[in-house]
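Novice: Below are the sequence and a predicted model for it; my questions follow.
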Amino acid sequence: MKVALQRPPRREFHASSLAETADIAHAVAHHARIGDVIALWGDLGAGKTAFARAFLQARAGEPLEVPSPTFTLVQPYELGSGAVWHFDCYRLKSPSEVYELGFEDALSQAILLVEWPEKLANLLPGKRLDVRLGYGAGPEHRDIVLEGAGSWRERLGKLAVAHG
């Protein structure tokens, strides 16, 4: 008997400005829950940190200073809506180094935003939301693809994005 592999649900967006990218991040933030892993994929400068910044500001409900965790590797935020840990795995030499950053604890206590998730290899949980950011037609244009596994399968279908 053949078992058909089920592709995760997929949503595609074409953002023509940083504000439209932020609208998508806000919609994702509205549906995120403690224990979620949101993997941010994309080339250098594709908007991973901008997406994370907009996500965090939406969760905070107010303007929030969100530095890139490129050098600190992880930046935890204790927000009224729950904890969010922002990981930047670019400089990891091996996937297991993420455990030294509190990754396991964060999985049970926070929402995880993970930039450069490919550096985690098989340590990246399968039940997650993948956010793939790519360059679009103009300097601020981004093609954004969301793919959900686990409980994100259902939530992704309910995602409403208001541009403007």
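Specialist: Received, thanks.
Novice: Would you point out which residue is most central in this protein?
Specialist: I38 (3.5 Å; CA atoms, centre = their mean).
Novice: quick one: that residue is in a strand?
Specialist: Yes. Read with DSSP: H, G, I helix; E, B strand; the rest coil, I38 is one of the residues of a strand.
Novice: Do I have it right that it meets A25?
Specialist: No. In terms of CB atoms under 8 Å, I38 does not count as a neighbour of A25; the distance is 9.5 Å. (Each C-beta comes from the backbone N, C-alpha and C, glycine too.)
Novice: who touches both of these two?
Specialist: Taking CB atoms under 8 Å, 6 or more residues apart in numbering as the contact rule, the neighbours common to I38 and A25 are F55.
Novice: what's around D105, how many residues?
Specialist: Per other CB atoms under 10 Å, the neighbour tally for D105 reads 12.
Novice: Run through the bridge partners of the residue nearest to the centre of the chain.
Specialist: In this entry, I38 is beta-bridged to L113, L129, by DSSP bridges.
Novice: Can you give me every residue that contacts it?
Specialist: Neighbouring residues of I38 by CB under 8 Å, 6+ apart: V28, A32, F55, I111, L112, L113, V114, R128, L129, V131.
Novice: and the first one, how many neighbours does it have?
Specialist: It refers to V28. Neighbours around V28, by other CB under 10 Å: 28.
Novice: Take whatever helix or strand it lives in, keep the C-alpha atoms, and write them as PDB.
Specialist: Counting by DSSP states H and E, the element that carries V28 is helix 18-31. Coordinates of each C-alpha in helix 18-31 appear next as PDB, following Å, rounded to 0.1, in the frame of the first residue of the first chain:
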ATOM      1  CA  LEU A  18       7.900  47.000   4.300                       C
ATOM      2  CA  ALA A  19       4.500  47.900   5.700                       C
ATOM      3  CA  GLU A  20       2.800  45.100   3.800                       C
ATOM      4  CA  THR A  21       5.500  42.600   5.000                       C
ATOM      5  CA  ALA A  22       4.700  43.900   8.500                       C
ATOM      6  CA  ASP A  23       1.000  43.200   7.900                       C
ATOM      7  CA  ILE A  24       1.800  39.600   7.200                       C
ATOM      8  CA  ALA A  25       4.000  39.300  10.300                       C
ATOM      9  CA  HIS A  26       1.200  40.800  12.400                       C
ATOM     10  CA  ALA A  27      -1.300  38.300  11.000                       C
ATOM     11  CA  VAL A  28       1.100  35.400  11.900                       C
ATOM     12  CA  ALA A  29       1.700  36.900  15.400                       C
ATOM     13  CA  HIS A  30      -2.100  37.000  16.000                       C
ATOM     14  CA  HIS A  31      -2.300  33.200  15.500                       C
END
